[in-house]
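*Asks:* Coordinates for the following, if possible.
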Amino acid sequence: MNTGLSHSACIIIQDLYGEGDYDRIEQIGHRAIMIDGLDEDIQFYYIKSLIAKNKIAEAAGHYEKVKDLLKEQLNVSPGRKLMELY
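*Replies:* Residues are numbered from 1 along each chain as shown. Model prediction:
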């Protein structure tokens, strides 16, 4: 689901990713995920920021949680963009 708030957060996160500000992405992404955990774009950048910070195990664990959430809530698998991170 891409609400107006999660869309705005995603735009900010994309800009921060371009600037390499992975700490802020992690902070903002975490908050945005609490509001809309089904937004795959936010999840994508959140996981990418974890990977960029060399938090590989945390990124893998978070991916698994997202995969389970999508299956449980929407009965779908992660989209291609998310799956390519794994």
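*Asks:* From here on, just use CA atoms for contacts and neighbour counts.
*Replies:* Will do.
*Asks:* so how far is the strand or helix carrying Glu84 off the chain centroid?
*Replies:* Using DSSP states H and E, Glu84 falls within helix 80-85. Helix 80-85 sits 11 Å away from the centroid of its parent chain (Cα atoms, centre = their mean, to the nearest Å).
*Asks:* Would you mark the buried spots in that helix?
*Replies:* Burial within helix 80-85, assessed by neighbour count using 16 or more other Cα atoms under 10 Å, is assigned to Leu82.
*Asks:* what packs against that helix?
*Replies:* helix 40-52 (3 or more Cα pairs under 8 Å, 6 or more residues apart in numbering; DSSP states H and E).
*Asks:* can you pull the pLDDT of Leu5?
*Replies:* With respect to pLDDT, Leu5 scores 67.
*Asks:* nope, Ala9 is what I was after
*Replies:* Note on Ala9: pLDDT of 86.
*Asks:* Low-confidence stretches in this structure?
*Replies:* Filtered on pLDDT under 70, the chain yields the residue ranges 1-3, 5.
*Asks:* Would you mind measuring from the residue sitting furthest away from the middle of the chain to Gln27?
*Replies:* Taking Cα atoms, centre = their mean, the residue of the chain most remote from its mean C-alpha position is Asn75, at 18.4 Å. Per Cα to Cα, to the nearest Å, Asn75 is found 28 Å from Gln27.
*Asks:* Can I get the helix holding Glu84 as PDB, trimmed to CA atoms?
*Replies:* Taking Å, rounded to 0.1, in the frame of the first residue of the first chain, the C-alpha atoms of helix 80-85 are listed here in PDB:
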ATOM      1  CA  ARG A  80      11.300  -8.300  -8.000                       C
ATOM      2  CA  LYS A  81      13.100  -5.200  -6.700                       C
ATOM      3  CA  LEU A  82      13.100  -6.600  -3.100                       C
ATOM      4  CA  MET A  83      13.900 -10.100  -4.200                       C
ATOM      5  CA  GLU A  84      17.000  -8.900  -6.100                       C
ATOM      6  CA  LEU A  85      18.400  -7.600  -2.800                       C
END
